[in-house]
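Student: Okay, sequence plus prediction incoming.
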Amino acid sequence: DGYTNLITEVQREQTRLQARCDQLKQQLLESQQIIEQLKSSLNRLKNNRVNDLSKVTEVHVNEKMTSERANNDQIDDLQNRIKHFVKLLEESNDKLNQERAVHAKQSNEYQQTVASLQAKMNDMLKRQAKPVDEIKHEYQHARVRHQRQVTPRPISTTESIQTNSSDTDTKTDAKSNNEIFRGNNPMLRKSSSIVQSRVR
């Protein structure tokens, strides 16, 4: 469950970062459009200024000077706005690059985490399989040794049937062996009861 939560959290963070990247791209596009509009306005003002200067006469000197001051103020304002948006654009690019780097780093860490978990799972499975095989081998060896040590004696027909049934049941498939390892095998208890009867 801990590994699953970790993977889910990494995937959720990747989704959030992707959404943030898309948002920054949209802001970048909008900033570029605004800059182009401001540049166009600036060019129009400059052109108007040149045209006005060529048409100005001495009669309209005061109006021309007023217009120049207004145009200069507008130009300064537009230039300041352009600088501001350029700065925002650069900051957006920096943030986008930083978040891309974080996204790439987290993706790499995610891949490494998954690979590490897979390796640990494979190692655990290998380590668990070996003791089970050893226990099975030791159990079979102990059972054969025990059967050899038991001194046979005449038994009744009922005991003979029980003994044959016990021998048959202890040769079952892997499911019976699992029950033996858990200590819940009824055949083992039955065999033990028969052995005790023989000893008595």
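Tutor: Now that the structure is in, tell me what you want to look at.

Student: quick check: mean pLDDT across stretch 75-89?
Tutor: For stretch 75-89, the mean pLDDT works out to 82.

Student: what's the domain layout of this protein?
Tutor: Under the assignment automatic domain parsing, the domains of the chain span 2-129, 150-199.

Student: Among the ones you listed, which one carries the weakest average confidence?
Tutor: Among the domains of the chain, domain 150-199 carries the lowest mean pLDDT (a mean of 47).

Student: for the chain, which helix is longest?
Tutor: helix 61-149 (DSSP state H).

Student: Report all helices and strands that that helix contacts.
Tutor: helix 2-55, helix 174-182 (3 or more CB pairs under 8 Å, 6 or more residues apart in numbering; DSSP states H and E). The C-beta positions use only the backbone N, C-alpha and C, and glycine is treated the same way.

Student: Mind putting those into CSV with mean neighbour count?
Tutor: Output for these, formatted as CSV (neighbours: other CB atoms under 10 Å):
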stretch, mean neighbour count
helix 2-55, 12
helix 174-182, 12
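
Student: Turn the ones you listed into CSV, columns for distance to D77.
Tutor: Formatted as CSV, those follow (distance: least, CB to CB, whole Å):
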stretch, distance to D77
helix 2-55, 10
helix 174-182, 83
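
Student: right, and Q27 touches K95 too?
Tutor: No: if you go by CB atoms under 8 Å, Q27 and K95 don't touch, sitting 9.6 Å apart.

Student: OK, contacts around L6?
Tutor: Counting by CB atoms under 8 Å, 6 or more residues apart in numbering, L6 makes contact with T113.

Student: ah, wrong one, I meant S92
Tutor: Going by CB under 8 Å, 6+ apart, S92 touches L24, Q27, L28, S31.

Student: Relative to L45, how far out is S67?
Tutor: 11 Å (CB to CB, to the nearest Å).

Student: Please apply the same query to T15.
Tutor: On the measure of CB to CB, T15 and L45 end up 46 Å apart.

Student: Find the nearest non-adjacent residue to R20, please.
Tutor: Of all residues not flanking R20 in the chain, E99 sits nearest, at 5.9 Å (CB to CB, 6 or more residues apart in numbering).

Student: That neighbour and D22 touch, don't they?
Tutor: No: between E99 and D22 there is no contact under CB under 8 Å: 10.9 Å.

Student: list residues touching both of the two?
Tutor: By CB under 8 Å, 6+ apart, no residue touches both E99 and D22.
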